[in-house]
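Take this sequence and fold it.
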Amino acid sequence: MLISRLTRTSRSAALPPLTRGRAVDLFADDTGAATAEYAVATMAAVAFAGLLVVIMRSDEVRGILTDLVRRALTVS
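Here you go, the predicted structure:
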């Protein structure tokens, strides 16, 4: 009984056929495009920040930066 109701519901909720006019309407709609662009830019920034964290944790880079700061603050 429950299975027959589910199949009946899924049949009635089927998507309408994609016609040329409907495709033009769907692809011309830019709703959500800016949000997707912000999401991609945010993910790129997070990936770049993660890469910087990995680089900054290395002993070589830490030593170079410490030496640079030490030389900048030393009065001669």
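
SS state for the residue nearest to Met56 when sequence neighbours are not counted?
Closest residue to Met56 apart from its sequence neighbours, by C-beta to C-beta, 6 or more residues apart in numbering: Arg62 at 7.1 Å. In short, each C-beta sits where N, CA and C put it, glycine included. Classification of Arg62 by DSSP: H, G, I helix; E, B strand; the rest coil places it in helix.

What of Ile55?
Three-state assignment for Ile55 (three-state DSSP): helix.

how much space between the closest residue to it other than its chain neighbours and Asp67?
In space, and not counting its chain neighbours, Ile55 is closest to Val61: 5.7 Å by C-beta to C-beta, 6+ apart. Using C-beta to C-beta, to the nearest Å, we find Val61 at a distance of 11 Å from Asp67.

what's the answer for Gly32, then?
49 Å.

if we can go back for a sec, could you give the number of residues near the residue nearest to Met56?
12 (other C-beta atoms under 10 Å).

wait, the residue nearest to Ile55 sits on Leu52?
No - contact criterion C-beta atoms under 8 Å: Val61 and Leu52 do not qualify, at 9.8 Å.

so what's Val53 scoring on pLDDT?
Reported pLDDT at Val53 in the predicted model: 91.

Next: the one 3 residues further on.
Met56 carries a pLDDT value of 87.

Brilliant, that's me finished.
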